[in-house]
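In: Got a sequence here, can you model it:
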Amino acid sequence: PTGLSWPTSTNYAGGTKYSFNAIAGRGFIHVLANDAEGGARVGLNGAQVGIMDGENEITQWYSFPITLQAGANEISIWSTSTDGGTYGGIVVTLGGSGDPEALLGMSAADAKAEAAANAAEEAKADAEEALEDLGDIAADDKLHPSEKLIIIREYSQILAEQGDIEALANSYGITTEKTNYSGAITALSDYLSGTDWNNTGTVTS
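Out: Numbers count the residues shown, from 1 in each chain. Below you'll find the predicted structure:
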């Protein structure tokens, strides 16, 4: 919660309540409150556990030792006086030292460390993928998708000009060279047939 006001002139029953599940054990309730000089109260499972009594207009953490019960637990925040104020966070710990700043700082550090580790793993995977890609491009016995684009264009040009070249050969009576030329194109087409040479989504041997 951010900037919430506690109910005034009331008791535990009239307080703002938060429910959560826990395992049994000793711990702390930490409340980040502002302007709590009127003595706002914090309660757990029907009973008051502490009074927030700080300086006027000051925001600070208030920590109270508690005993959590197994299963459902309930927190209540209220004031018996007419003096209002606000709170901007509630942290419940099982165990701990009662120092919310240290607790939250450690949690933030853990989160940053985990994010850094995940980023490092992603960078490693990207680097390995890039190295494998470069290896495929450099290999003479493999066609990389980037190389296939060139081969597809060249093969299309060969087929597109075949008819004109054969017609010219016929008009000049050139037979042996035309036969060799046509046979070479047929051999090339047969060699490529049945392979993924023009599949630009994969590497082909």
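In: contacts, neighbours, all on C-alpha from now
Out: Will do.
In: what distance separates the lowest-mean-pLDDT helix or strand in the chain from the middle of the whole chain?
Out: Using mean pLDDT, DSSP states H and E, the weakest-scoring helix or strand in the chain turns out to be helix 100-138, at a mean of 80. Distance, stretch centre to chain centre, for helix 100-138: 11 Å (Cα atoms, centre = their mean, to the nearest Å).
In: Against residue 188, how distant is residue 170?
Out: Remark: distance between residue 170 and residue 188 (Cα to Cα, to the nearest Å) = 22 Å.
In: buried stuff in the least confident helix or strand of the chain?
Out: Within helix 100-138, the residues scored as buried using 16 or more other Cα atoms under 10 Å are 100, 136-137.
In: which ones are touching the residue lying farthest from the centre of the chain?
Out: Largest separation from the mean C-alpha position in the chain: residue 173, at 70.2 Å (Cα atoms, centre = their mean). Applying Cα atoms under 8 Å, 6 or more residues apart in numbering to residue 173 gives no contacts.
In: same question, the one 5 residues further on
Out: Contacts of residue 178 were listed using Cα under 8 Å, 6+ apart, and they are 166, 169.
In: ranges for the helices of this protein?
Out: Secondary structure of the chain (DSSP state H): helices at 100-138, 145-171, 176-192.
In: What helices and strands are in contact with the longest one?
Out: Spelled out, it's helix 100-138. Packing contacts for helix 100-138, counted by 3 or more Cα pairs under 8 Å, 6 or more residues apart in numbering; DSSP states H and E, involve no helix or strand.
In: Let me know the angle separating that helix from helix 145-171.
Out: Angle, helix 100-138 to helix 145-171, by axes from the mean of the first three to the mean of the last three Cα atoms, to 10 degrees: 20 degrees.
In: Low-confidence ranges, the chain, go.
Out: 1-2, 97-98, 101-109 (pLDDT under 70).
In: related to what we said a few turns ago, from the buried residues of helix 100-138, which is closest to residue 19?
Out: Nearest to residue 19 among these, counting by Cα to Cα, is residue 100 at 19.9 Å.
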